[in-house]
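Chemist: Sharing a model prediction with you, sequence too.
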Amino acid sequence: MQKIHSVSVRALAEFAFEKGDLIPAARAAAQMRDGVRGHQALQELLPSSWRAETPVSRDIPIDGRVLRVHGRADAVYTDRELVRVLEIKTTVRDPGGILKYDYPAHWAQGEIYAALLCMNTGAQRAEVRLTYARLDGKKREYSEDYNAWELEERLMAYARPYLAWIATVDDWKELSKPTLDELTFPFEAYRDGQREMAGAVYRAMKRHANALIEAPTGIGKTAASLFGALKALGEGHVTSIFYLTARTTGRRAAEDALALMRERGLAIRGLTITAKEKVCLLEKQDCMGCPYAAGYYDRRREALREAMHVEQLDAEAVRSLALRHELCPFELSLDISETADVVICDYNYVFDPRVRLKRYFDSKSRVGLLVDEAHNLADRARDMLSAELSGKRLAELRSLARRFEGDDSPMVKLMGELLRVLDGREAEQECASELPGEIALAAKRFAEIADELEPVEPDIVDFVYDVQWFSRIAGRFTPDAYRALMAPEDRYLSVRLWCFDPSAYIKKTLSRVGGAALFSATLAPMEYYASLLGADGEADAQLQLQSPFPRENLRVLRMPVAVGTKDRERTLGAVAQIIHAMAQARPGNYLACFPSYAYMTQAFRRYRLLWPYDEAICQESAMPEKARQAFIGRFLPAPEKSLVAFIVLGGVFAEGVDLPEDRLSGAAIVTVGIPQLSFEREALREQLDDADDGGYDAAYTYPGLRRVLQAAGRVIRTERDRGVVLLIDMRYRQEKYRALMPPHWDVRDVKKMSDLKAELGAFWKEGD
Ligand code: SF4
């Protein structure tokens with residue numbers, strides 16, 4: 001049976017005539033929304049013999065392949081002799097300024113519809129009408145007559161190069177398929193749990209369901225999950241794999257796992273999408289005036305062809321390909337994603353409605369998702385689905401607009417209108433379950449009009465996008481998922497539409513893909529995370545894996561010290577003594593983890609005061625990449641003298657860093673990690689609170705303990721690792737914390753310093 005390739009009329013026309021510059025995505029989206037309204041207005045004016053929104057489709061055999069061309073024409077008229085096709089293009093430009101052949105792809109779209117209809121009905125003549133319309137009713141119409149044979153010829157001329165491109169993609173798939181079938185696990189043996197994990201991932205993709213997997217650190221989650229997903233890819237259950245990770249280290253681990261599989265014969269094209277600001281080729285990112293954006297579509301096809309022959313498309317490879325073809329590397333990576341087998345990227349390309357890759361995630365697809373460090377997903381989704389409108393920022397930008405455009409400019413007036421509803425002089429901090437209607441309306445009006453004013457000042461352009469986003473979020477606002485957090489800011493009001501419950505949105509996103517596996521070392525309690533992450537459906541699976549490493553290699557000691565906010569000053573000396581005892585028990589590198597920068601800095605100073613000649617370093621806030629690397633570089637293998645690194649729980653050094661074997665010997669974790677009180681956390685607690693105190697746990701206990709377990713997870717990374725974890729807080733003895741401890745932990749209570757030293761001494765002696 002011949003393989004059928006599907007393509008939409010629009011995609012085929014754009015492929016044939018792709019040319020021009022990149023348009024900022026948000027502006028293109030705004031034009032599309034307006035487009036729907038503009039289309040409807042024109043369709044209503046047509047005589048009744050015309051049919052609006054008509055589906056058209058036909059299979060076209062060409063050179064041994066079949067191309068299924070399909071689409072929905074704006075309006076058509078057909079009889080036995082004649083076909084008429086109307087193509088409507090709404091625009092923010094003055095339609096009077098658009099010449100007949102300015103946009104060949106628009107003509108091609110009409111011609112393809114007309115060709116398909118002639119072939120379907122047998123009509124011999126056709127007319128294509130092209131109408132450019134603006135929302136205010138101004139329009140420009142063009143038309144062209146054709147013979148059926150002439151249209152067929154044009155259709156073939158558009159389809160042949162497209163099929164040649166598809167043949168290149170097919171050739172790659174044919175080369176890759178047998179290597180996927182023959183792929184074996186890329187290590188000599190599975191670690192305990194890896195086979196189960198790979199199986200769970202494979203089954204999730206085969207059944208198009210979700211798997212939630214808690215797997216201890218060091219188990220080899222990246223290789224196991226990719227192996228399961230690649231098997232599903234080889235059998236055609238998914239069309240490609242998206243590996244989502246929140247950190248650079250996670251990205252590298254996925255790239256390394258693929259490289260290892262390539263060494264064993266796998267032919268796989270893996271692409272890493274790197275954030276725009278990191279791969280930008282200009283010194284200062286300016287997309288509007290960028291030479292790599294100008295003429296992007298004139299040059300990209302050649303680069304895409306070249307990319308078909310590159311298997312490892314990491315940031316550097318994409319950048320050099322983009323440079324050779326003078327293209328924006330970020331946009332190029334998005335375009336390459338359409339043919340890559342594995343795409344490694346951040347969560348936002350799937351879950352953030354503003355930047356998600358619409359081509360895969362706006363409608364149903366068969367992409368397989370792997371979500372690494374899935375415990376981060378809910379908090380990230382909360383941010384992605386929230387929006388803020390700051391009166392103070394608006395006032396500053398209005399002053400800027402005045403300077404550029406004068407007091408009477410339409411933009412300055414529009415900003416003034418919005419500012420009037422953001423008067424904060426009598427406002428108080430408030431958390432409301434209802435949308436502030438007057439503000440939402442004013443934001444909607446601003447968003448609609450401001451775009452047509454076409455601002456050019458980058459800060460104002462950004463602000464317009466932000467208000468458009470605020471307006472979109474206002475449209476989603478429901479009391480069971482959102483709160484309006486209002487706070488005075490100088491004389492103005494700041495409004496945050498905060499999504500405290502993203503579970504329905506996550507679930508919907510997962511339901512559109514071809515199967516997903518969400519995994520992390522810290523997903524306790526599992527029922528809570530299953531419902532939060534939308535993995536609690538009937539077909540979904542949950543799996544909790546045990547640590548593959550000998551239990552006796554980790555010693556967990558619980559120290560009942562009062563470290564609540566009121567007690568910290570009083571017990572600072574005791575905490576420093578415990579950390580010092582840990583570091584003195586055996587030369588090595590150690591972490592001392594604190595819940596906040598303030599507490600960490602206080603403890604670090606006390607430690608330095610007491611032991612000025614000890615090796616101790618302290619994390620700083622907002623450390624650049626180089627400083628981070630230098631910090632991690634201090635963790636030398638098998639040091640002769642101990643090093644203590646004071647770090648913050650939940651920060652860059654407490655999660656996602658890999659310090660195997662003798663590069664890390666222990667971690668002292670001070671407090672149960674509860675996040676600081678905040679407006680948002682309190683709103684979450686209040687919303688979810690019930691008789692069982694569920695709101696408090698969801699807002700504070702679970703995220704706190706998750707940070708603790710992530711930090712503790714740095715200690716044991718391989719079979720040969722040995723190390724200690726000290727849990728310093730009275731609260732660790734409470735039942736709810738005990739219940740959330742990993743089952744493979746052997747936790748011992750230690751009350752006195754002498755007992756601590758004895759326990760540590762005995763532990764290290766056992767291993768010698
Ligand atoms: S190269 Fe940089 S400035 Fe140019 S379009 Fe890409 S991201 Fe924007």
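Modeler: Yep, that arrived.

Chemist: what's the residue in the stretch 451-600 of the chain positioned nearest to the ligand sitting at in phi/psi?
Modeler: Nearest residue of the stretch 451-600 of the chain to the ligand, counting by C-beta to the nearest ligand atom: residue 458, 11.3 Å away. No exception for glycine: its C-beta is placed from N, CA and C like everyone else's. Dihedral angles phi and psi of residue 458 (degrees, to the nearest 10) take the values phi -50, psi -40.

Chemist: again, but for residue 550
Modeler: According to degrees, to the nearest 10, residue 550 has phi -60, psi 130.

Chemist: Near it, how many other residues are there?
Modeler: 13 (other C-beta atoms under 10 Å).

Chemist: so how far is residue 59 from it?
Modeler: 61 Å (C-beta to C-beta, to the nearest Å).

Chemist: Residue 109 too?
Modeler: Using C-beta to C-beta, we find residue 109 at a distance of 19 Å from residue 59.

Chemist: the more surrounded of these two?
Modeler: residue 109 (29 against 13).

Chemist: Let's see the pLDDT reported for the more buried one.
Modeler: Reading off the confidence values, residue 109 has pLDDT 96.

Chemist: Not counting its neighbours along the chain, what's nearest it?
Modeler: residue 13 (4.2 Å; C-beta to C-beta, 6 or more residues apart in numbering).

Chemist: quick one, what contacts that neighbour?
Modeler: 105-106, 108-109, 112, 158 (C-beta atoms under 8 Å, 6 or more residues apart in numbering).

Chemist: and if we set it to 7 Å?
Modeler: Listed by C-beta atoms under 7 Å, 6 or more residues apart in numbering, the contact set of residue 13 reads 105, 108-109, 112, 158.

Chemist: So which of these is the closest to the ligand?
Modeler: residue 105 (21.3 Å).

Chemist: next helix or strand past whatever helix or strand that closest one lives in?
Modeler: Here residue 105 sits within helix 104-121, counting by DSSP states H and E. Next along the chain after helix 104-121, taking DSSP H and E as the criterion, comes strand 125-133.

Chemist: possible to save the contacts of residue 13 as JSON lines with distance to the ligand?
Modeler: Conversion of the contacts of residue 13 to JSON lines gives the following (distance: C-beta to the nearest ligand atom, whole Å):
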{"residue": "105", "distance to the ligand": "21"}
{"residue": "108", "distance to the ligand": "26"}
{"residue": "109", "distance to the ligand": "26"}
{"residue": "112", "distance to the ligand": "30"}
{"residue": "158", "distance to the ligand": "28"}
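
Chemist: Any chance of those in CSV with distance to residue 313 as columns?
Modeler: Shown next, in CSV, are those (distance: C-beta to C-beta, whole Å):
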residue, distance to residue 313
105, 28
108, 30
109, 31
112, 32
158, 28
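
Chemist: Of those residues, just say which sits nearest to residue 492.
Modeler: Nearest to residue 492 among the contacts of residue 13: residue 105, at 45.5 Å, using C-beta to C-beta.

Chemist: Quick check: buried residues in stretch 309-322?
Modeler: Across stretch 309-322, burial judged by 16 or more other C-beta atoms under 10 Å covers 310-311, 313-315, 317-319, 321-322.

Chemist: And stretch 682-689, by the same measure?
Modeler: 683-685, 687-688.

Chemist: picking that back up, quick one: residues in contact with the helix holding residue 105.
Modeler: In contact with helix 104-121 (C-beta under 7 Å, 6+ apart) are residues 9-10, 12-14, 16-17, 56, 58, 69, 71, 73, 76, 78, 83, 85, 87, 89, 126, 128, 130, 146, 148, 151-152, 154-155, 158.

Chemist: Please apply the same query to stretch 751-763.
Modeler: 555, 557, 559-560, 577-578, 581-582, 585, 724, 748, 750.

Chemist: Stretch 295-303 now?
Modeler: Against stretch 295-303 from outside (C-beta under 7 Å, 6+ apart): 18-22, 321, 325-328, 331-332, 335.

Chemist: so what's residue 528 up against?
Modeler: 698, 702.

Chemist: and whichever strand or helix holds it, which residues are buried?
Modeler: In the assignment (DSSP H and E), residue 528 maps to helix 526-532. Of the residues in helix 526-532, 526, 529-530, 532 count as buried by neighbour count, 16+ other C-beta under 10 Å.

Chemist: Same question for stretch 513-522.
Modeler: Buried residues in stretch 513-522 (16+ other C-beta under 10 Å): 513-522.

Chemist: returning to that earlier point: in a markdown table: the buried residues of helix 526-532, plus distance to residue 611 and pLDDT.
Modeler: Shown next, in a markdown table, are the buried residues of helix 526-532 (distance: C-beta to C-beta, whole Å; pLDDT from 0 to 100):
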| residue | distance to residue 611 | pLDDT |
| --- | --- | --- |
| 526 | 42 | 91 |
| 529 | 41 | 92 |
| 530 | 46 | 93 |
| 532 | 43 | 90 |
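
Chemist: Now do the strand or helix carrying residue 152: which elements does it pack against?
Modeler: Using DSSP H and E, residue 152 sits in helix 148-182. In terms of contacts (3 or more C-beta pairs under 7 Å, 6 or more residues apart in numbering; DSSP states H and E), helix 148-182 is packed against helix 9-16, strand 51-62, strand 65-78, helix 104-121, strand 125-133, helix 221-234.

Chemist: Tabulate those (TSV), appending distance to residue 282.
Modeler: TSV is the format used below for these (distance: least, C-beta to C-beta, whole Å):
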stretch	distance to residue 282
helix 9-16	27
strand 51-62	42
strand 65-78	37
helix 104-121	28
strand 125-133	33
helix 221-234	33
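
Chemist: Could you look over these and pick the most buried one?
Modeler: Across the helices and strands packed on helix 148-182, averaging neighbours per residue (mean count of other C-beta atoms under 10 Å) puts helix 221-234 on top, at a mean of 25.

Chemist: what about it, average pLDDT?
Modeler: 96.

Chemist: ok, now which ones touch residue 85?
Modeler: Residues 73, 76, 110, 113-114, 117, 126, 128-129 are the ones in contact with residue 85 under the rule C-beta under 7 Å, 6+ apart.
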